[in-house]
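Undergrad: sequence first, predicted coordinates after that:
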Amino acid sequence: MKLPTEIFGNVIVVHTPEELSAETAGQFENFLTSLDRSQVVIDLNGSETIESGGLESVLDAQEALRAIGGDVKISTSNHVNRKILEMTRLDEQLEVFETVIDAVKSFAS
């Protein structure tokens with residue numbers, strides 16, 4: 001899996017695929033944990049479909065990155081995606097920001 005990324009200092013922003021599902025979960029997690037930076041912002045705005053398997057891969061990647069001193073934060077201005085995070089209570093386990101820039105800046109504080 002190859003996804004568009006942007007680098008801001010020590011932080012890498014990963015733009016998610018259109019579908020974040022059980023079929024793509026393993027590849028997505030491997031992609032996140034193989035990056036050359038451990039501070040990762042996941043921009044969910046590109047995802048039309050988010051399934052439980054995809055969300056689980058985000059949590060697994062967060063656990064792996066935290067083990068090496070990194071972390072995962074979420075950016076989404078999409079109200080449907082934000083609602084999914086709220087309904088699954090993942091917004092309590094992951095920091096969620098309205099914009100990519102806010103998420104990136106949060107690593108500095």
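TA: Structure received. Residues are numbered from 1 along each chain as shown.

Undergrad: and Gly69, helix, strand or coil?
TA: coil (DSSP: H, G, I helix; E, B strand; the rest coil).

Undergrad: residues contacting the residue positioned nearest the centre of the chain?
TA: With distances taken as C-alpha atoms, centre = their mean, Ile42 lies nearest the centre of the chain, 2.8 Å away. Ile42 sits next to 13-14, 16, 32, 58, 72-75 when contact means C-beta atoms under 8 Å, 6 or more residues apart in numbering. Heads up, the C-betas are built off the backbone N, CA and C, glycines and all.

Undergrad: please apply the same query to Val96.
TA: Counted by C-beta under 8 Å, 6+ apart, Val96 has contacts 73-76, 82, 85.

Undergrad: just the buried ones from those?
TA: Among those, those buried by neighbour count (16 or more other C-beta atoms under 10 Å) are 73-76, 82, 85.

Undergrad: ok, back up a step: a markdown table please, covering the contacts of Ile42 and showing pLDDT, secondary structure and distance to Leu3.
TA: Putting these into a markdown table (pLDDT from 0 to 100; DSSP: H, G, I helix; E, B strand; the rest coil; distance: C-beta to C-beta, whole Å) gives the following:
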| residue | pLDDT | secondary structure | distance to Leu3 |
| --- | --- | --- | --- |
| Val13 | 98 | strand | 10 |
| Val14 | 97 | strand | 6 |
| Thr16 | 94 | coil | 7 |
| Leu32 | 94 | helix | 9 |
| Val58 | 95 | helix | 13 |
| Val72 | 97 | strand | 14 |
| Lys73 | 97 | strand | 16 |
| Ile74 | 97 | strand | 15 |
| Ser75 | 97 | strand | 14 |
